[in-house]
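**Student:** next one to model:
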Amino acid sequence: MASARNAAPEPSSSSSSPYSSSASDVEILRSLRCLARDLAAADPPAPFLRAVFASVSRRARLLVAVFDDLLLLGASAALPRSASLCLREVLLVLQRFKAVVADCSARSRMRLLLQSDEVAARVRELQHDLATLLDILPVGELGLADDVADLLTLASRQCRRRAPEAAAEQELKASVLALIQEVEREIVPERERLEAILEEVAINDPASCSQEIEILEREIGDRLAERWTSAMIALVGLLRYAKCVLFSAATPRPLDSKVDADDDDAEPLAPPPDFRCPISLDLMRDPVVSASGQTYDRESITRWFGAGKSTCPKTGQVLTNLELVPNKALKNLISRWCRENGVAMEGSEPGKPEPAPPVAANKAAVEAARMTASFLVKKLSASFSPSSDNRVVHEIRLLAKSGSESRAFIGEAGAVPLLVPLLNSEDAALQVNAVTALLNLSILDANKKRIMHADGAVAALCQVMGSGATWRAKENAAATVLSLSAVHTYRRRLGRNPLVIEKVVLLVRTGPPSTKKDALAALLCLSAERENVGKLVSAGAAEAALSAISEEETAAAVLASLAKRGGAEAIVNIDGAVAKLVAEMRRGTEWSRECAAAALVLLCRRAGAAAASQVLAINGVEWAIWELMGSGSERARRKAASLGRTCRRWAAANAAQNAEFPTSTVSPATVAAS
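**Tutor:** Next up is the predicted model:
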């Protein structure tokens, strides 16, 4: 946010605005009167700053009468030059006053309290500037009436009068900082004391508390007050705790059972799927490209490598190196989406060392999250009504989204066994909140274990995928299965459950695009286990993936994974499967072209003549191979070359057995390049 001084317009000789030197005296006076009236009517941005801004309002009311009188005089004659120049300077000072009011009104209340000394100093500085200008204004040359001239003198004297220190404001600020220190020492805040502090800051209902949290998080992300960042992070945690304890959790917006996954009125705005990290499923703050060409959030992929893994989490291929290249184009797109939707965008500049997340080192924020998680889980365990459950689960869902510490605290407090039965709720909103809370919790490995070991958890997820009240619930259930499948052991266990495979395949066949994308990702993860492939093929996973191959790039990856681990013959026997893969190799995205080529190579190797004859029978296949070798990724070029060699060998072998069969249908260019 720009400072008040920077926000003020500067005079420009080339401008025709009231602030330019070319503006007439009457225009200047009208602008002065308008500004003075706005300042006189402006409400203080916060109760604790009422005294500071009340003084501004009083001075402005005095000046309104002066400017009204000057307008009457200026309508018939031009102002003296010295007076005109002075009033133009007064105009700039009043504009800066207005900028301070606007800036303070846009800030979070808590940040405003922390910076109240700076705000008061800024107002005093501007009042001193205004007093100086009023003193040098040639009142005698303006022909003002005596009572109006007295108003100018009074306004100047009041501007110079130093306001007494706001003891109550300083006491409130000290109370807030003391509360943060107590939370750091793991002292649970007293309800009455917390309520009194928030009342003084005018945070007295769930809506104002939620709004304050959102603004604070945005200001932290935008690094608008580096000095107070630690305190602001702690206050976010405290406000979440206060929202649950004082306001019994906000009542979430009602959810229409007929809405689909694209209905933003039913759910908080979710980032586009391409903006989410495949590992954490969260919005990517610093997208980077791995050696496999896949994009991940830097924090997530770094943690993956730190665990000793050297494979691509999405494709499973062994990486030639662990270097990460910033994806600047995607980061710019994500930043623009965040700005347009009011989402805080954090992340360091590419190439610079990654700073430790401030929340990680903020003891007060961590302890506040622990207290909030404990309170919510206890309240959920004691709840006996769907409406009460929904409010609490909604808050658990939001808290689980806020960071790994919160996910850990919620899991440790015992939330998972309480959430699982709610997946079977007939209340659509409660079901969505419960499954989304589990999805957010499942990002943490320890919570994956808790979910997999919870009685009826997998069955409940299958029930939601099959007959959930909304597509959003079904989509998030599939995403939870995907998250759980990231662990090798759980991938096997889920694959042995025919109901899991059946419901995921059903979502691929019938779901809307966003649901289909998550279901395909779950299929891809499940197919990474060889013992799952037979069950997947029997359940129709290959047919489902083929039906989505022109819509979702993950579909080609699923087919390649199935072909690699025993499903090649089943894919070849599907009518039109090879033709669709060739079409995807020609017209798909970079990754889907690569996966389609890999799938075709595997089909030719595993299914032999049955696959190779279908590949070579497709018109233009040689040019598709040639184009991919010239424009694809490094891996895609290798797969295209391998496909060309395979087809050439098969054609040559057939030519040896049957002299009448064409030597090869692959172009010379492809053969030479291969």
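
**Student:** make it CA atoms for all contacts and neighbour counts henceforth
**Tutor:** Will do.

**Student:** where does the chain dip in pLDDT?
**Tutor:** Judged by pLDDT under 70, the chain has its weakly predicted residues at 1-23, 73-77, 162-166, 248-270, 307, 329, 336, 339-361, 654-674.

**Student:** would you point out which residue is most central in it?
**Tutor:** For the chain, the residue lying nearest the average C-alpha position, counting by C-alpha atoms, centre = their mean, turns out to be Leu283 (4.7 Å).

**Student:** now it: closest residue in space, sequence neighbours ignored.
**Tutor:** On the basis of C-alpha to C-alpha, 6 or more residues apart in numbering, the spatially nearest residue to Leu283 that is not a chain neighbour turns out to be Arg276, at 4.4 Å.

**Student:** spit out the contact partners of the residue nearest to the centre of the chain.
**Tutor:** Residues in contact with Leu283, defined by C-alpha atoms under 8 Å, 6 or more residues apart in numbering, are Pro271, Phe275, Arg276, Cys277.

**Student:** swap in Leu32?
**Tutor:** By C-alpha under 8 Å, 6+ apart, the contact set of Leu32 is Phe67, Val90, Leu91, Leu94.

**Student:** equivalent analysis for Ala225, please.
**Tutor:** Taking C-alpha under 8 Å, 6+ apart as the definition of contact, the neighbours of Ala225 are Glu219.

**Student:** would you agree Thr480 is in contact with Ala437?
**Tutor:** No - in this structure Thr480 lies outside contact range of Ala437 using C-alpha atoms under 8 Å: 9.8 Å.

**Student:** tell me the SS of Asp274?
**Tutor:** What DSSP: H, G, I helix; E, B strand; the rest coil gives for Asp274 is helix.

**Student:** and it, how many neighbours?
**Tutor:** Using other C-alpha atoms under 10 Å as the criterion, Asp274 is surrounded by 12 other residues.

**Student:** thinking again about what came up before, filter the contacts of Leu32 down to the ones in strands?
**Tutor:** Under the assignment DSSP state E, the contacts of Leu32 contribute nothing to strands.

**Student:** with neighbour count and distance to Lys535 added, can I get those residues in a markdown table?
**Tutor:** Below are the contacts of Leu32 laid out as a markdown table (neighbours: other C-alpha atoms under 10 Å; distance: C-alpha to C-alpha, whole Å):
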| residue | neighbour count | distance to Lys535 |
| --- | --- | --- |
| Phe67 | 22 | 84 |
| Val90 | 21 | 80 |
| Leu91 | 22 | 77 |
| Leu94 | 23 | 74 |
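
**Student:** closest one of these to Ala653?
**Tutor:** Nearest to Ala653 among those: Leu94, at 89.0 Å, using C-alpha to C-alpha.

**Student:** who touches that closest one in this structure?
**Tutor:** So, once contact is read as C-alpha under 8 Å, 6+ apart, Leu94 ends up touching Leu32, Leu35, Ala36.

**Student:** how does it look with 6 Å?
**Tutor:** When contacts are counted by C-alpha atoms under 6 Å, 6 or more residues apart in numbering, Leu94 touches no other residue.

**Student:** how near is it to Leu126?
**Tutor:** Taking C-alpha to C-alpha, to the nearest Å as the measure, Leu94 and Leu126 are separated by 8 Å.

**Student:** repeat for Ile197
**Tutor:** When distance is defined by C-alpha to C-alpha, Ile197 is 30 Å away from Leu126.

**Student:** please apply the same query to Ser383.
**Tutor:** As judged by C-alpha to C-alpha, Ser383 and Leu126 stand 55 Å apart.

**Student:** before we move on, the earlier item: got a markdown table for the contacts of Leu32, with distance to Glu367 too?
**Tutor:** Rendered in a markdown table, the data for the contacts of Leu32 read as follows (distance: C-alpha to C-alpha, whole Å):
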| residue | distance to Glu367 |
| --- | --- |
| Phe67 | 55 |
| Val90 | 50 |
| Leu91 | 49 |
| Leu94 | 45 |
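
**Student:** tell me the one among these nearest to Gly306.
**Tutor:** Nearest member of the contacts of Leu32 to Gly306, counting by C-alpha to C-alpha, is Leu94, at 56.1 Å.

**Student:** circling back to that earlier point, okay, Ser383 and Leu126: which has more neighbours?
**Tutor:** More neighbours surround Leu126 than the other of Ser383 and Leu126, with 19 against 14 (other C-alpha under 10 Å).

**Student:** name the next helix or strand downstream of the helix or strand containing that one, please.
**Tutor:** Using DSSP states H and E, the secondary-structure element containing Leu126 is helix 116-136. Toward the C-terminal end, the helix or strand that comes next after helix 116-136 (DSSP H and E) is helix 139-142.

**Student:** buried stuff in that next one?
**Tutor:** Residues of helix 139-142 classed as buried by neighbour count (16 or more other C-alpha atoms under 10 Å): Val139, Leu142.

**Student:** identify the residues contacting it?
**Tutor:** When contacts are defined by C-alpha under 6 Å, 6+ apart, helix 139-142 is touched by no residue outside itself.

**Student:** return the distance of that helix from the chain's centre.
**Tutor:** Chain-centre distance of helix 139-142: 59 Å, with C-alpha atoms, centre = their mean, to the nearest Å.

**Student:** can you mark which positions in stretch 476-488 are buried?
**Tutor:** Neighbour count says stretch 476-488 has Asn476, Ala477, Ala478, Ala479, Thr480, Val481, Leu482, Ser483, Leu484, Ser485, Ala486 buried, by 16+ other C-alpha under 10 Å.

**Student:** helix/strand/coil for the fourth one?
**Tutor:** Spelled out, it's Ala479. helix.

**Student:** what does the domain assignment say about the chain?
**Tutor:** For the chain, the domain assignment from the TED database gives the residue ranges 25-165, 168-248, 274-326.

**Student:** which one, of those domains, ends up nearest to Ala369?
**Tutor:** When the domains of the chain are ranked by proximity to Ala369, the top entry is domain 168-248, at 5.8 Å, counting by C-alpha to C-alpha.

**Student:** quick check: the gap between His128 and Thr315.
**Tutor:** Using C-alpha to C-alpha, His128 is found at 66 Å from Thr315.

**Student:** I misspoke; the intended subject was Ser402.
**Tutor:** Shown here: Ser402 relative to Thr315, a distance of 28 Å by C-alpha to C-alpha.

**Student:** so the two - more neighbours on which side?
**Tutor:** Between Ser402 and Thr315, counting by other C-alpha under 10 Å, Thr315 is the more crowded of the two (20 against 13).
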